[in-house]
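Undergrad: following is a predicted model, sequence given first.
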Protein chains: 2
Amino acid sequence: MRKVAIIGIGMTKFGNLWDRDLVSLSVEAGMKACHDANISQEEVEALYGGTMSGGLFVNQEHVAALLGDFSGLKNIPCTRVEAACASGGLALRQAYIDVASGMHDIVVAGGVEKMTDIGGAAVTKTLATAASQEWEAVYGATFPGLYAMVAKLHMHKYGTTEKQLAMCAVKNHKNAVYNPFAQFRREISVQDVLNSQKVADPLNLLDCSPITDGAASVILASEKKAKKLCKKPIWILGSGHAIDTISLHDREDITTLKATVEAAKQAYKQAKLSPKDIDCVEVHDCFTIAELCAVEDLGFCKKGESGKFIESGHTQIGGSIPVNTSGGLKAKGHPIGASGIAQVIEAVLQLRGEAKGRQVDAKIAMTHNVGGTGGTAVVHILGR
Amino acid sequence: MRKVAIIGIGMTKFGNLWDRDLVSLSVEAGMKACHDANISQEEVEALYGGTMSGGLFVNQEHVAALLGDFSGLKNIPCTRVEAACASGGLALRQAYIDVASGMHDIVVAGGVEKMTDIGGAAVTKTLATAASQEWEAVYGATFPGLYAMVAKLHMHKYGTTEKQLAMCAVKNHKNAVYNPFAQFRREISVQDVLNSQKVADPLNLLDCSPITDGAASVILASEKKAKKLCKKPIWILGSGHAIDTISLHDREDITTLKATVEAAKQAYKQAKLSPKDIDCVEVHDCFTIAELCAVEDLGFCKKGESGKFIESGHTQIGGSIPVNTSGGLKAKGHPIGASGIAQVIEAVLQLRGEAKGRQVDAKIAMTHNVGGTGGTAVVHILGR
């Protein structure tokens, strides 16, 4: 397999973008990524696009061909991939495999979701299509409800507190202040989180990532092209992807996301690295409890110790392993298909030294994107 | 890139399968493919699944993880791809790139659609999400209507007749009699087609492929594994994939599917073959006119001459280039995401000499899968 680098990045503002559609968001992100890579779209040889549910959100399937068409990518292969909230990470991975295989030299990987064209209840119902319809959603299970069960067991088994959960959201909001593309650029307090409306006990509104529109794109290149085109190529050192049971009730322990453990194992093995080598990480904090599980499952602390780990400041900027310097899904926003690519953009910015105001000292960065309650996980390790 | 072979095939009966669901269909096809390849599912290292709209047909996204879970594929990468009606062909292509890259040695590529859980009008509306919502579907355009425009222009420019269109359907029904998995195993006459209900002038009901449930799977392997495991590996000699404008009105000539031309060019080039080398082909006959365009765009006759070409018997079993020996989408049935894989299964059966009753003398076979009105095309060339 050939070496592959990221040579360009681009994203839209994340937020409630009522005057924008799927196409305009995607084209903006893609054009920005081409501009950043200093290439024209004619040089792009293939496209991989991640989106969770064009069908239910905006009544549009066949999304990759549509976006390729409107981006002026004439007659090249354009592929949509989907793994619920991990669709963006999966688009990166398939683009990586494509370039690594020798099939193409310059490939764009993008992610997009337009969530606000339907009402809040319809969004919740659409997101529930990431769970098993037959065994979970049909009984009324929603994602806040499913993650609340994970949180309850984590608290019961390990003494994790609501305050520790809240501290994830507080940190991520603090980081997002410095991210011009983030949906919520304001600090919140632990008390704000604890006082916010109960969504699914023990999760409050401010434990939950928001409903968001947005798109993000990155340009991948083979080693030869990357060295020719780019002064600061960021290398993909490891790629991992795994599934687990789609339903929580089929798992031995719902506080461990086996898909994360397995995907991380693959990525660490390929990169010949271990958790202590990672300088910063973007994890999939769709709910605060998800960030706690991720910090454990990726190997940054022992199982059950993430509450204290976070409380001690290890995951803050300046801590031993800064987590979600971008603001995370919680504060940057969570346009489902775009989130996995936006994580990679943050990793690239940190590795390039361009993460103004939130910069950490990073030679190696990791991204972690989850579908559903861990039915899918995609992990990448990037390096300068 | 490494050489890749198909070492196992499996599919369900195609039809109105009201007692079956997405999961049971997929598992049946996958298990049959594993059985045919003489491997257990534990030996499968990755899954690629094509489905058009789990969301709108059965309210289920995150389909690859779900199917991987219920197939007992523990913690391996499972990826859903989507390109409307070309989703199955695309699943094969992504699995091919994966094995060719060296990432995995044994990979399953599957396709599935469960279309009959919603009513006919909802099916038509769901299929229309493969067209541009903004420029086509919102004005009431449906796929029969869009392909009818292609047919009208083909008739106007080249003198193609309704009888010539009908002859495609008649041939495909005749072939399907010998395919035990086909939805319609009965012969029809040209007069039956011409007398059937008008759907969108000039297309009658029997010019149109049906609404179908079904699943199909194939097992791909690296050269080393294929030679070890399989007596009759079928090699993937060429793979092509291209987009075109998603909307008909943006094209210079709607009787040519540029995506088909370009995807075929890629596949011929990689395989170092030309149309005269192909012994049989499965083309995407969602409507009879689509088969006429495909025969031209793949290079089997000149543009505009497909009507006479078909009338002269060239595309029949025993003709110079047998087309849709399986019965095609028209008579075998068209469970959207499964069709591209079912085409490949027919090619494999022909190349193995196992296409009982409809066998042709074939060393090289081609498959051609289209999304929408040609927004996407995927072409593969297979050989013994």
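TA: Ah, there it is.
Undergrad: quick one, strands of chain A?
TA: A:4-11, A:46-50, A:78-82, A:106-113, A:198-200, A:203-204, A:214-222, A:234-243, A:280-282, A:364-371, A:376-383 (DSSP state E).
Undergrad: same list (those strands) but as CSV, adding mean neighbour count.
TA: C-beta: built from backbone N, CA, C; applies to glycine. Converted to CSV, those look like this (neighbours: other Cβ atoms under 10 Å in any protein chain shown):
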stretch, mean neighbour count
strand A:4-11, 25
strand A:46-50, 30
strand A:78-82, 31
strand A:106-113, 30
strand A:198-200, 17
strand A:203-204, 23
strand A:214-222, 30
strand A:234-243, 25
strand A:280-282, 29
strand A:364-371, 29
strand A:376-383, 29
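Undergrad: same list (these) but as a markdown table, adding distance to A:Gln343.
TA: Output for the strands of chain A, formatted as a markdown table (distance: least, Cβ to Cβ, whole Å):
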| stretch | distance to A:Gln343 |
| --- | --- |
| strand A:4-11 | 11 |
| strand A:46-50 | 12 |
| strand A:78-82 | 16 |
| strand A:106-113 | 10 |
| strand A:198-200 | 24 |
| strand A:203-204 | 22 |
| strand A:214-222 | 9 |
| strand A:234-243 | 13 |
| strand A:280-282 | 4 |
| strand A:364-371 | 4 |
| strand A:376-383 | 8 |
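Undergrad: and of those strands, who's closest to chain B?
TA: The closest of the strands of chain A to chain B is strand A:234-243. By Cβ to the nearest Cβ, the value is 3.8 Å.
Undergrad: closest to B:Gly327 out of the strands of chain A?
TA: Closest approach to B:Gly327 among those (Cβ to Cβ): strand A:78-82, 28.2 Å.
Undergrad: rewinding a little: using TSV, please lay out the strands of chain A together with distance to chain B.
TA: As requested, the strands of chain A are exported to TSV (distance: least, Cβ to the nearest Cβ, whole Å):
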stretch	distance to chain B
strand A:4-11	11
strand A:46-50	8
strand A:78-82	5
strand A:106-113	11
strand A:198-200	20
strand A:203-204	21
strand A:214-222	12
strand A:234-243	4
strand A:280-282	20
strand A:364-371	6
strand A:376-383	5
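Undergrad: do you know which of those lies nearest B:Lys232?
TA: strand A:78-82 (29.8 Å).
Undergrad: which parts of stretch A:353-366 are buried?
TA: A:355, A:358-360, A:362, A:364-366 (16 or more other Cβ atoms under 10 Å in any protein chain shown).
Undergrad: same thing with stretch A:23-41?
TA: Under 16+ other Cβ under 10 Å, the buried positions of stretch A:23-41 are A:23, A:25-34, A:36-37, A:39, A:41.
Undergrad: contact partners for the nearest residue to A:Asp361 once chain neighbours are set aside?
TA: Counting by Cβ to Cβ, 6 or more residues apart in numbering or on different chains, A:Asp361 lies nearest to A:Asp279, which is 6.6 Å off, once chain neighbours are set aside. A:Asp279 makes contact with A:321-322, A:350, A:360-365 under the criterion Cβ atoms under 8 Å, 6 or more residues apart in numbering or on different chains.
Undergrad: relative to B:Lys330, which of the buried residues of stretch A:23-41 is nearest.
TA: A:Val23 (33.1 Å).
Undergrad: coming back round to it: which of the contacts of A:Asp279 fall in helices?
TA: Among the contacts of A:Asp279, the residues falling in helices (DSSP state H) are A:Gln350.
Undergrad: which residues touch A:Ala271?
TA: Per Cβ under 8 Å, 6+ apart, neighbours of A:Ala271: A:237-238, A:364, A:381, A:383.
Undergrad: hmm, try it at 10 Å
TA: By Cβ atoms under 10 Å, 6 or more residues apart in numbering or on different chains, A:Ala271 lies in contact with A:235-240, A:277-278, A:364, A:366, A:380-383.
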